[in-house]
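[1] Give me a model of this one.
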Amino acid sequence: RRVVACHIYEKYIKKGAISEVGGIQERLKCDMEEHILKIRNHEEMPTTDMFDVIGRVCLKEIHDSVWTRYKGTPRYANTINTLNKTYNRVSVENFEYIKK
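    Sure thing, here's the model as predicted:
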């Protein structure tokens, strides 16, 4: 768990990381850096919820910058239309095996 937590921090959260996630406030990055330092020095153990706040920030960023734009495109409308025509449609022909 320690190695994975450090890897996530180094790859996605640390300032200048290879795949740095945008939208994370500097305060959150500093808090996480302190937490990771304690983990590396074996002063703390990583917890299962240590990335929850940053995860919510990332989800909000995706919603605001990607999802809302995508939802207004013709491609999204076409996808929804196709799904509505394809799935969850029941007709009498679906029950031909029932004999009265």
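[2] Residue ranges in this protein under the pLDDT threshold?
    Screening the chain residue by residue with the criterion pLDDT under 70, one finds the ranges 98-100.
[3] all strands for it, in order.
    Assigned by DSSP state E, the chain shows no strands.
[4] gap between the residue nearest to the spatial centre of it and Asp52?
    Nearest to the mean C-alpha position of the chain, counting by CA atoms, centre = their mean, stands Leu59 at 5.0 Å. From Leu59 over to Asp52 the distance is 10 Å, taken as CB to CB, to the nearest Å. For glycine as for every other residue, the C-beta is placed from the backbone atoms N, C-alpha and C.
[5] Contacts made by the longest helix seen in the chain with the rest, please.
    In the chain, assigned by DSSP state H, the helix with the most residues is helix 26-40. Surrounding helix 26-40, the residues in contact under the criterion CB atoms under 8 Å, 6 or more residues apart in numbering are 2, 5-6, 9, 13-15, 44-46, 50, 53-54, 57.
[6] what two of those residues have the greatest distance between them?
    When CB to CB is used, the two most widely separated members of the contacts of helix 26-40 are Lys15 and Met45, lying 24.5 Å apart.
[7] ok so, going back, neighbour count and distance to Thr68 added to the contacts of helix 26-40, as TSV?
    Formatted as TSV, the entries for the contacts of helix 26-40 read as follows, by neighbours: other CB atoms under 10 Å; distance: CB to CB, whole Å:
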residue	neighbour count	distance to Thr68
Arg2	13	37
Ala5	20	31
Cys6	16	34
Tyr9	23	29
Ile13	20	24
Lys14	16	28
Lys15	10	27
Glu44	16	37
Met45	11	38
Pro46	19	33
Met50	19	29
Val53	14	22
Ile54	21	21
Val57	17	16
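[8] Tell me how many other residues surround Ala17.
    Taking other CB atoms under 10 Å as the criterion, the count of residues near Ala17 is 14.
[9] repeat for Met32
    Taking other CB under 10 Å as the neighbour definition, Met32 ends up with a count of 20.
[10] Equivalent analysis for the one 3 residues further on, please.
    Using other CB under 10 Å, His35 has 18 other residues around it.
[11] That's all I had, so thanks and see you.
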